[in-house]
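Student: what follows is a predicted protein model with its sequence.
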Amino acid sequence: MIINCTYEKDKWEVKMEILSGNDVYYDLLVSGRGRSFHIIVGAHAYGNFICVPSMGIGCELSSLTDTFWNQESISRCLLNSYDSATLVAAIEQLSQI
């Protein structure tokens, strides 16, 4: 699946491949701007989360469509703003599946 992503004045395509998923989580490959990420996005008793196992990071997410909050949360996990925007675009797309 290809998603259009915008951050500040830059635009790029994000490629998202769902490896597996169910009602609780999705296991994804997400790439954009020359970077690729294996991520796990899911729900828990108090909300949603994202984990990037290869980087050893994880954080809370708001609703899948809350791009502002999710961008801020992921950016605090040591990812730059462009990488965070790439992941947020994929997360938002999951809300339509």
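Tutor: The structure has been received and is ready for your questions. Numbering: from 1, shown residues only.
Student: show me how far stretch 70-90 is from its chain's centre.
Tutor: For stretch 70-90, the separation from the chain centroid amounts to 7 Å (computed by CA atoms, centre = their mean, to the nearest Å).
Student: mind checking how far Leu94 is from Pro53?
Tutor: Counting by CB to CB, to the nearest Å, the separation of Leu94 from Pro53 is 18 Å. No exception for glycine: its C-beta is placed from N, CA and C like everyone else's.
Student: neighbour count for these two, which is higher?
Tutor: Here Leu94 and Pro53 are set side by side on neighbour count (other CB atoms under 10 Å), and the busier one is Leu94, at 17 against 12.
Student: correct me, but that one touches Asp27?
Tutor: No: no contact is recorded between Leu94 and Asp27 when judged using CB atoms under 8 Å, the distance being 11.4 Å.
Student: which residues touch stretch 76-96?
Tutor: Outside of stretch 76-96, the residues that reach it under the criterion CB atoms under 8 Å, 6 or more residues apart in numbering are 1, 3-7, 10, 12, 14, 16, 26, 28, 30-33, 35, 37, 39, 41, 50, 52, 55, 57-59, 61, 63-65, 67, 70-71, 74-75.
Student: and the next helix or strand past whichever helix or strand Glu60 is part of?
Tutor: Element membership of Glu60 [criterion: DSSP states H and E] is strand 57-61. For strand 57-61, the succeeding helix or strand toward the C-terminus, using DSSP H and E, is helix 67-75.
Student: for that next one, give the mean pLDDT please.
Tutor: Averaged across helix 67-75, pLDDT comes to 96.
Student: which residues does that helix contact?
Tutor: Contacting residues not belonging to helix 67-75 are listed as 50, 59-62, 64, 81, 84-85, 87-88, 91-92 [CB under 8 Å, 6+ apart].
Student: buried subset of those residues, written for ChimeraX?
Tutor: Buried members of those, defined by 16 or more other CB atoms under 10 Å, are picked up in ChimeraX with:
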select :50,59,60,61,64,84,85,87,88,91,92
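Student: what is the most widely separated pair among the contacts of helix 67-75?
Tutor: In the contacts of helix 67-75, the most distant members under the criterion CB to CB are Leu64 and Ser81, with 19.3 Å between them.
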